[in-house]
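Colleague: Kindly return the folded structure for what I paste below:
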Amino acid sequence: DLHTHAYASHVIYVDRTIICAASSSSSSSSSSTTFSARTVASRATHPHPRSAHSMSTRAAASESIAAQIGITGVHHVAIIVESLERSMEFYGDMLGLEINPERPEDKLPYRGAWLWIGPEMIHLMELPNPDCAHVEFRPTHGGRDRHFCIGVKNLKPLTDCLDARGVAYTASKSGRPAIFFRDPDANTLEVVEGLQWR
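Modeller: Next up, the predicted model:
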């Protein structure tokens with residue numbers, strides 16, 4: 001048997017260790033309380049019995065939100081533009097991105113266009129821009145600014161096109177084959193060759 005004295009006001013079980021929290025009083029006489037080893041082991045192993053429901057709730061809570069909702073990918077990236085026509089010259093005429101005709105044009109209270117980038121989309125939104133759209137007040141290197149990234153198989157036709165159109169771009173500081181450039185509203189695009197870096 002295990003013994004603890006009466007001047008210990010209570011016994012605290014932490015894992016399987018017994019801690020006697022003493023509230024010693026010089027005037028109390030010492031009598032003893034006896035605990036059987038089996039009782040101590042049982043209380044240490046099961047200090048707070050839980051129902052099957054509470055245990056299943058904890059198990060569900062331990063799973064991340066991402067796992068619970070089942071993320072399937074990025075649906076679209078939305079960017080603000082001042083003129084839809086000017087942006088379509090850039091994204092449509094220059095870059096050759098095609099409009100997704102399945103997206104409704106009359107469901108939102110502003111003009112816009114949905115453009116395919118592989119299986120995902122860019123949503124051009126003609127709205128007042130809360131950010132500064134003047135390039136001179138934005139970082140020179142687009143990699144230090146908000147941006148979205150497009151993966152491609154061959155980067156050179158794009159750099160040739162940008163050079164011919166006089167569109168400035170900077171190379172990725174990481175050394176990988178990627179460039180950063182801006183649209184007419186100073187939104188930054190990154191284009192990277194190959195997806196091995198993922």
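
Colleague: Report the separation between Glu102 and Arg144.
Modeller: Distance of Glu102 to Arg144, computed by C-beta to C-beta, to the nearest Å: 36 Å. C-beta coordinates here come from the backbone N, C-alpha and C atoms, glycine included.

Colleague: Likewise for Ile99?
Modeller: Separation of Ile99 from Arg144 (C-beta to C-beta): 31 Å.

Colleague: same deal with Leu162?
Modeller: Note on Leu162: its distance to Arg144, by C-beta to C-beta, is 19 Å.

Colleague: Show me where this protein dips below the pLDDT cut-off.
Modeller: 1-61, 195-198 (pLDDT under 70).

Colleague: show me where it has helices.
Modeller: Assigned by DSSP state H, the helices in the chain fall at 37-45, 52-62, 65-69, 84-88, 156-165.

Colleague: Any idea how far apart the tips of stretch 67-74 sit?
Modeller: Using C-alpha to C-alpha, to the nearest Å, one end of stretch 67-74 lies 15 Å from the other.

Colleague: whoops, stretch 162-176 was the one
Modeller: One end of stretch 162-176 sits 19 Å from the other (C-alpha to C-alpha).

Colleague: Look at the residue lying closest to Pro177 once chain neighbours are set aside and say how many residues are nearby.
Modeller: Spatial nearest neighbour of Pro177, chain neighbours left out: Glu193 (4.0 Å); criterion: C-beta to C-beta, 6 or more residues apart in numbering. For Glu193, the count of nearby residues is 17 (other C-beta atoms under 10 Å).

Colleague: what about Ile99, neighbour count?
Modeller: 16.

Colleague: From Arg103, how far off is Tyr110?
Modeller: 14 Å.

Colleague: Those two: who's more crowded?
Modeller: With neighbours defined as other C-beta under 10 Å, Tyr110 and Arg103 compare such that Arg103 has more, 15 against 10.

Colleague: is it true that that one touches Trp114?
Modeller: Yes: between Arg103 and Trp114 there is a contact at 3.8 Å, judged by C-beta atoms under 8 Å.

Colleague: what is in contact with these two at once?
Modeller: Met121 (C-beta atoms under 8 Å, 6 or more residues apart in numbering).

Colleague: Strands of the protein, start to end?
Modeller: With DSSP state E, the ranges of strands along the chain come out as 2-5, 8-14, 17-22, 32-35, 76-81, 112-117, 120-126, 147-152, 169-171, 178-182, 188-193.

Colleague: any idea how far Lys173 lies from Glu136?
Modeller: Counting by C-beta to C-beta - Lys173 and Glu136 are separated by 21 Å.
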